[in-house]
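Colleague: here's a sequence, model it:
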Amino acid sequence: MSLLSVENLEVSYGDFQAVRGASLELEAGQTIAIIGANGAGKSTLLNAIVGLNSQKRGTVRFDGQDITHLRTDRIARAGITMVPEGRRLFGTLTVEDNLMVGLAAERPGPWTIEAIYQLFPRLGELRSMVAGSLSGGQQQMVSIGRALMTNPRVLLCDEISLGLAPKVIGDIYRCFDAITASGVSVVLIEQNVVQACAASGYVYCMLEGRISLEGRPQDLTRAEITAAYFGTEVRT
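Modeller: Below is the predicted model:
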């Protein structure tokens, strides 16, 4: 049985259907990536999983339980947390205050404030700084750390590399070995195909709200990924 299962999910904003019959599976200990161009429906899919969009059909199951229509706070307490696109920190609060927000989920586990500072030593140095004064990369570390403070079983990461320098992206992604080693399963939303394939064991590509391709990165050709990503024919 999959840890997280999405079956035939359809999500709408009014009359606009943003996700069309999407299905995916996440096993315990696995990292999967969802790739696709801007507007493909990736973020909408994650928002629906964590209960941020109520206009949906289909089924979302977590550890065998139907969570399709649970409130976001109950989903977080069950063990699914999202690192949102744009980080969405409390800019006037300190780094440490932002991290402590994750305690609201009231879940025990290995991710304490000390563990976050070990994962991101720079945050320990900046703990008293106002979050809004940090660089983009530092803010992303705070956002990831805040999510980990909920001690999730599943971590959903929405475009965590967006707008960051390549070196910063590399530094952040290197921390995912420690995150997954703690027992956290990960879903990555990425526009960067190379980064997504390198970081995950299974890839889903979305196009116009649908899953257009899926498979292990090593089994997918560049031509297949390009065609699924842009909606073009595979060139042989």
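
Colleague: any idea which helix or strand comes after the helix ranked longest in the chain?
Modeller: Longest helix in the chain by number of residues (criterion: DSSP state H): helix 136-148. The helix or strand immediately downstream of helix 136-148 is strand 154-158, counting by DSSP states H and E.

Colleague: other residues contacting that following strand?
Modeller: Residues outside strand 154-158 that contact it (C-beta atoms under 8 Å, 6 or more residues apart in numbering): 3-4, 26, 42-43, 46, 49-50, 62, 79-85, 144, 147-148, 179, 184-189. C-beta: built from backbone N, CA, C; applies to glycine.

Colleague: buried stuff in the strand or helix carrying Thr59?
Modeller: If you go by DSSP H and E, Thr59 is part of strand 56-62. For strand 56-62, burial by neighbour count (16 or more other C-beta atoms under 10 Å) applies to Lys56, Gly58, Val60, Arg61, Phe62.

Colleague: mind putting those into JSON lines with distance to Leu123?
Modeller: Listed next are those as JSON lines, based on distance: C-beta to C-beta, whole Å:
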{"residue": "Lys56", "distance to Leu123": "35"}
{"residue": "Gly58", "distance to Leu123": "38"}
{"residue": "Val60", "distance to Leu123": "32"}
{"residue": "Arg61", "distance to Leu123": "34"}
{"residue": "Phe62", "distance to Leu123": "29"}
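
Colleague: can I get the residues you listed in TSV with pLDDT and distance to Phe230?
Modeller: Listed next are the buried residues of strand 56-62 as TSV, based on pLDDT from 0 to 100; distance: C-beta to C-beta, whole Å:
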residue	pLDDT	distance to Phe230
Lys56	94	26
Gly58	97	26
Val60	98	28
Arg61	98	32
Phe62	98	32
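
Colleague: tell me which residue is most central in the chain.
Modeller: Cys157 (1.9 Å; C-alpha atoms, centre = their mean).

Colleague: distance of that residue relative to Met1?
Modeller: Cys157 is 23 Å from Met1, where distance means C-beta to C-beta, to the nearest Å.

Colleague: ok, which stretches of this structure are strands?
Modeller: For the chain, applying DSSP state E gives strands covering 4-13, 16-26, 31-35, 56-62, 65-66, 80-83, 154-158, 185-190, 202-207, 210-215.

Colleague: so what's the residue count around the closest residue to Tyr13 other than its chain neighbours?
Modeller: Spatial nearest neighbour of Tyr13, excluding adjacent residues (C-beta to C-beta, 6 or more residues apart in numbering): Gln55 at 7.0 Å. Neighbourhood size, Gln55 [other C-beta atoms under 10 Å]: 12.

Colleague: got a list of what Gln55 touches?
Modeller: Neighbour list for Gln55: Val11, Ser12, Tyr13, Gly14 [criterion: C-beta under 8 Å, 6+ apart].

Colleague: for Ile32, see how far away it is.
Modeller: Gln55 sits 25 Å away from Ile32, going by C-beta to C-beta.

Colleague: cool, and Phe230?
Modeller: Taking C-beta to C-beta, one finds Phe230 at 21 Å from Ile32.

Colleague: the more surrounded of these two?
Modeller: Neighbours per residue (other C-beta under 10 Å) separate Phe230 from Ile32, with Ile32 holding more: 21 against 12.

Colleague: done for today, thanks.
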